[in-house]
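Undergrad: Sharing a model prediction with you, sequence too.
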Amino acid sequence: MSDTQNFRQRKSQWSEAKHDHLTPQFILAKKRYNQEPHTPAEIAWFIEQFTQGHVKDYQMTAWLMAICLNGMNGVETAALCDAMVDSGEVMDWSSCTSICKNVNNLHKCDKHSTGGVGDKVSLILAPLVASFDLVVPMMAGRGLGHTGGTIDKLESIPGYRTQYTSEEFAKLLLSSTGGSDDRRLNAAIVSPSKAMVPADKRMYALRDVTSTVSCLPLQISSIMSKKIAERPDSLVLDVKFGLGSFNKNVEESLQLASGMIETGELCGINTAALVTRMDSPLGYAVGNWLEVKECIEIMSSREAALSELSADLVNITVVLAGQMLVQGGKASNLRDGVAKAKENLLNGNAWNKFREMVSAQGGDVDTIDFPEQYSKAKFSAEVKSSQTGYLISVNALEVGLVGVNIGAGRKSVDESVDARAGIVFHKRPGMYVVEGETVATVYTERDDQLANAVERILYSCTFSIDQIELPPLITNFVTKEGVEDFDQSIFVE
């Protein structure tokens with residue numbers, strides 16, 4: 001019997017067990033004082049009671065702190081994730097048989113990134129993978145702090161709708177695109193339904209004010225609950241490390257990746273991860289519409305897709321897509337998947353699917369067909385190199401923080417963002433720069449922030465007289481079988 005089958009069988013037994021002996025005090029004492037692992041039944045009961053209001057916020061806070069102090073094993077973490085999923089609405093694919101009779105036989109796949117600066121991968125990845133007739137139910141978030149959000153980026157397209165119920169979302173994905181071939185849409189990117197994983201929303205608010213956000217089992221269960229609520233068949237994780245990531249070193253990211261894979265597999269999801277570097281921004285654009293525009297150029301122009309300016313973005317996107325194709329049965333191995341993904345990116349299939357997705361979600365297709373007509377920010381200034389040499393790095397964290405100050409990001413969840421604000425880099429790490437040459441351009445509506453932004457962007461750049469080999473973007477490939485070094489030869493044609 002597999003671990004997943006065993007987990008599900010035990011879950012059935014737990015749900016039928018009597019819980020008369022359980023109290024919040026019992027749960028707290030077991031983890032805080034006895035330092036014993038919880039049974040999944042105890043975790044399910046506690047989360048259910050919290051969702052119903054019988055467990056109070058101060059009791060939940062004490063339990064979260066006890067977890068931070070004494071940890072959770074893999075089964076406990078998976079059980080917590082599962083209980084959080086069960087606290088709300090989940091995707092019910094079987095309800096869509098009237099639209100698609102074989103819906104239960106369609107492979108549904110998704111990707112999650114732990115976040116970074118300039119990380120616009122999802123905008124290309126979802127339509128790219130969907131162009132292979134795989135269903136990509138992607139739920140994404142908004143930006144906060146130095147990291148951007150996929151939903152903010154897509155909402156820079158006039159009319160683009162991101163709020164759907166889970167039933168509406170499923171029907172949207174399975175809807176016909178029209179036209180002579182009458183294909184399914186297969187790809188949509190939306191905000192999570194407010195009815196999904198309500199326990200996580202309340203628990204995260206408590207974690208945020210009690211310094212328990214970084215606790216590993218709580219991170220894992222929070223991230224994975226939102227993905228598992230989509231009920232995908234497979235999931236690929238992009239777990240980042242570096243200056244612009246929440247995890248600063250590769251060891252932390254490997255630990256997070258392994259934990260999320262264990263939870264995904266126990267919950268019945270085929271899960272794998274790439275560990276990727278986030279020291280410099282991904283791609284040449286940082287800022288909501290500016291990042292959408294870069295993705296449009298990559299998908300609609302072979303020249304842009306092969307450009308050195310966006311090489312890191314394209315490389316990580318086709319590798320993630322390649323792994324999704326392997327898990328979805330469309331490629332025999334990762335190398336084959338990468339080759340197929342790159343072909344569909346260059347031949348226009350991803351671009352056609354992106355246009356279908358934008359149209360289906362109410363977005364103005366003329367805006368993406370003619371991106372140069374999008375209005376620019378009122379103020380702009382060039383960042384000029386102070387020396388001649390090779391640009392070897394751009395501090396992603398500093399760039400992200402500048403983005404917040406000029407209006408491209410937000411410091412608190414209730415702030416709005418300026419779609420037009422951001423930074424466009426004309427030089428990327430590895431390129432040769434002459435003193436006085438323009439490295440980047442800053443765009444903003446905040447004239448009072450412009451000079452400081454230019455100074456900080458230049459300060460974020462590191463130059464070298466000698467050419468230096470850049471470290472690999474993707475360092476590791478992780479599955480339930482273990483960790484291995486990523487095969488860099490995949491990028492060599």
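TA: Nice, I can see it. None of the values given here were measured: they were computed from a predicted structure.

Undergrad: so residue 152 makes contact with residue 142?
TA: Yes. The criterion here is CB atoms under 8 Å, and residue 152 meets it with residue 142 at 5.2 Å. Where C-beta positions appear, they are placed from N, C-alpha and C, glycine not excepted.

Undergrad: More neighbours: which of the two?
TA: It is residue 152, of residue 152 and residue 142, that has more neighbours when counted by other CB atoms under 10 Å, with 25 against 19.

Undergrad: What strand or helix carries that one?
TA: Assigned by DSSP states H and E, residue 152 falls within helix 150-154.

Undergrad: what's that helix in contact with?
TA: 120, 122-123, 140-143, 160, 162, 189-191, 288-289, 291-292, 361, 363, 417, 419 (CB atoms under 8 Å, 6 or more residues apart in numbering).

Undergrad: next one: stretch 300-317
TA: Stretch 300-317 has contacts (CB under 8 Å, 6+ apart) with 118, 120-121, 124-125, 128, 238, 274, 276, 280, 282-284, 294, 297-299, 341, 345-346, 348, 351, 425-426, 428, 430-431, 473-474, 491.

Undergrad: So for that stretch, what gets flagged as buried?
TA: 300, 304-305, 307, 309-317 (16 or more other CB atoms under 10 Å).

Undergrad: Just name the closest of these to residue 58, please.
TA: residue 316 (42.7 Å; CB to CB).

Undergrad: If you drop the residues flanking it in sequence, what lies closest to residue 470?
TA: In space, residue 470 comes closest to residue 430 once its chain neighbours are excluded; the distance is 5.4 Å by CB to CB, 6 or more residues apart in numbering.

Undergrad: burial measure for that neighbour, as a count.
TA: For residue 430, the count of nearby residues is 17 (other CB under 10 Å).

Undergrad: Residue 61 now?
TA: For residue 61, the neighbour count with other CB under 10 Å is 16.

Undergrad: now residue 366
TA: Here the number of neighbours of residue 366 (other CB under 10 Å) works out to 10.

Undergrad: From residue 487, how far off is it?
TA: 42 Å (CB to CB, to the nearest Å).

Undergrad: The residue nearest to residue 470: which element?
TA: Using DSSP H and E, residue 430 maps to neither a helix nor a strand.

Undergrad: Enumerate every residue touching it.
TA: Residues near residue 430 by CB under 8 Å, 6+ apart: 308, 390, 391, 392, 470.

Undergrad: which residues touch the closest residue to residue 488 other than its chain neighbours?
TA: Spatially, and ignoring its direct neighbours in sequence, residue 488 is nearest to residue 472 (5.8 Å; CB to CB, 6+ apart). By CB under 8 Å, 6+ apart, residue 472 lies in contact with 277, 486, 488.

Undergrad: Equivalent analysis for residue 123, please.
TA: By CB under 8 Å, 6+ apart, the contact list for residue 123 reads 150, 153, 154, 189, 291, 292, 295, 354.

Undergrad: Give me the number of neighbouring residues for residue 376.
TA: Residue 376 has 11 nearby residues by other CB under 10 Å.

Undergrad: which element is residue 352 on?
TA: Residue-wise, residue 352 maps onto helix 349-360 under DSSP H and E.

Undergrad: List the buried residues of the helix or strand just after that helix.
TA: Later in the chain than helix 349-360, the nearest helix or strand by DSSP H and E is helix 365-369. Residues 367, 368 are the ones in helix 365-369 that count as buried (16+ other CB under 10 Å).

Undergrad: just checking, next helix/strand downstream of helix 365-369?
TA: Counting by DSSP H and E, what follows helix 365-369 is strand 379-384.

Undergrad: Could you pull up the mean pLDDT of the following helix or strand past that following strand?
TA: Sequence-wise, the next helix or strand downstream of strand 379-384 (DSSP H and E) is strand 389-394. Throughout strand 389-394, pLDDT has a mean value of 97.

Undergrad: C-terminal to strand 389-394, what's the next element?
TA: helix 396-405.

Undergrad: didn't residue 470 look like it was pressed against residue 391?
TA: No. Judged on CB under 8 Å, residue 470 makes no contact with residue 391 at a distance of 10.2 Å.

Undergrad: Give me the more crowded residue out of the two.
TA: Using other CB under 10 Å as the criterion, residue 470 and residue 391 rank with residue 391 on top: 20 against 16.

Undergrad: The more buried one: what's it in contact with?
TA: Residue 391 sits next to 385, 427, 428, 429, 430, 431, 432, 433, 439, 461, 462, 463 when contact means CB under 8 Å, 6+ apart.

Undergrad: Setting aside sequence neighbours, what's the nearest residue to the most centrally placed residue in the chain?
TA: Nearest residue to the geometric centre of the chain (CA atoms, centre = their mean): residue 113, 3.0 Å. Among residues not flanking residue 113 along the chain, residue 238 sits closest, at 4.1 Å (CB to CB, 6+ apart).

Undergrad: I'd guess that neighbour is in a strand, am I close?
TA: Yes. Using DSSP: H, G, I helix; E, B strand; the rest coil, the assignment for residue 238 is a strand.

Undergrad: Could you report the neighbour count for it?
TA: Neighbour tally, residue 238, other CB under 10 Å: 25.

Undergrad: so what's it bridging to?
TA: Under DSSP bridges, the beta-bridge partners of residue 238 are residue 113, residue 274.

Undergrad: In contact with it, which residues?
TA: The contact partners of residue 238, by CB under 8 Å, 6+ apart, come to 111, 112, 113, 114, 121, 273, 274, 276, 316, 320.

Undergrad: go again using 6 Å as the cut-off
TA: By CB atoms under 6 Å, 6 or more residues apart in numbering, residue 238 lies in contact with 113, 274, 276.

Undergrad: could I get these as CSV with distance to residue 404?
TA: Below are the contacts of residue 238 laid out as CSV (distance: CB to CB, whole Å):
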residue, distance to residue 404
113, 19
274, 27
276, 23
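
Undergrad: still on that earlier bit, among the contacts of residue 472, which ones are in helices?
TA: The helices, defined by DSSP state H, take in nothing from the contacts of residue 472.

Undergrad: Quick check on those residues: which are buried?
TA: For the contacts of residue 472, buried by 16+ other CB under 10 Å: 277, 486.

Undergrad: How far off centre is the helix holding residue 152?
TA: 12 Å (CA atoms, centre = their mean, to the nearest Å).

Undergrad: I'd say residue 131 and residue 353 touch.
TA: Yes. The pair residue 131 / residue 353 is scored as a contact, 4.6 Å apart, by CB atoms under 6 Å.
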